[in-house]
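# Okay, predicted coordinates and the sequence, questions at the end:
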Amino acid sequence: VQLVESGGGSVQAGGSPRLSCAVSGFTVSSYCMAWFRQAPGKERERVATIDINGITTYADSVKGRFTISKDNAQNTLFLRMDSLKPEDTGRYSCAKGSSRLCNFGFGAWGQGTQVTVSS
């Protein structure tokens, strides 16, 4: 099982980058998938989830600005981030759920990609 994130970097506030998470060893169509982030000195925060039925959830802090999606053919998870704010700065990691649905924890993680938002 491997998850590899890409698409991070330094972004101006208001920008709209898209993160990608290429996976191998399993299929994104068969498991809940999620994006987490962690800022320095803060606890890891679950940003968004998507289950096998395409049902999504978002943290209140990103609701209406971020969009999680997946491409089953590419076996890739995405996170589109709109209207970025400096407080969105952090290391973003994708995670594989332990089940098809998103209420049974997460068992595999990528190394993460850093997103730094400047005002």
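Looks like it came in fine. Here the structure is a predicted model, which is why all the values come from computation and not from measurement. Residues are numbered from 1 along each chain as shown.
# what ranges do the strands span in this structure?
Remark: strands assigned in the chain by DSSP state E are 2-6, 9-12, 18-24, 33-38, 45-50, 56-58, 66-71, 76-81, 90-97, 106-109, 113-118.
# As JSON lines, the ones you listed with mean neighbour count and mean pLDDT would be great.
For every residue, glycine as well, the C-beta is placed using N, CA and C. Shown next, in JSON lines, are the strands of the chain (neighbours: other C-beta atoms under 10 Å; pLDDT from 0 to 100):
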{"stretch": "strand 2-6", "mean neighbour count": "17", "mean pLDDT": "98"}
{"stretch": "strand 9-12", "mean neighbour count": "12", "mean pLDDT": "96"}
{"stretch": "strand 18-24", "mean neighbour count": "18", "mean pLDDT": "98"}
{"stretch": "strand 33-38", "mean neighbour count": "23", "mean pLDDT": "98"}
{"stretch": "strand 45-50", "mean neighbour count": "20", "mean pLDDT": "98"}
{"stretch": "strand 56-58", "mean neighbour count": "16", "mean pLDDT": "98"}
{"stretch": "strand 66-71", "mean neighbour count": "18", "mean pLDDT": "98"}
{"stretch": "strand 76-81", "mean neighbour count": "21", "mean pLDDT": "98"}
{"stretch": "strand 90-97", "mean neighbour count": "23", "mean pLDDT": "98"}
{"stretch": "strand 106-109", "mean neighbour count": "16", "mean pLDDT": "95"}
{"stretch": "strand 113-118", "mean neighbour count": "17", "mean pLDDT": "97"}
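# Tell me which residues touch the closest residue in space to Leu3 that isn't next to it in sequence, please.
Distances taken as C-beta to C-beta, 6 or more residues apart in numbering put Gly110 closest to Leu3, at 3.6 Å, once the chain neighbours are dropped. For Gly110, the contacting residues are 3-5, 21, 93-95, by C-beta atoms under 8 Å, 6 or more residues apart in numbering.
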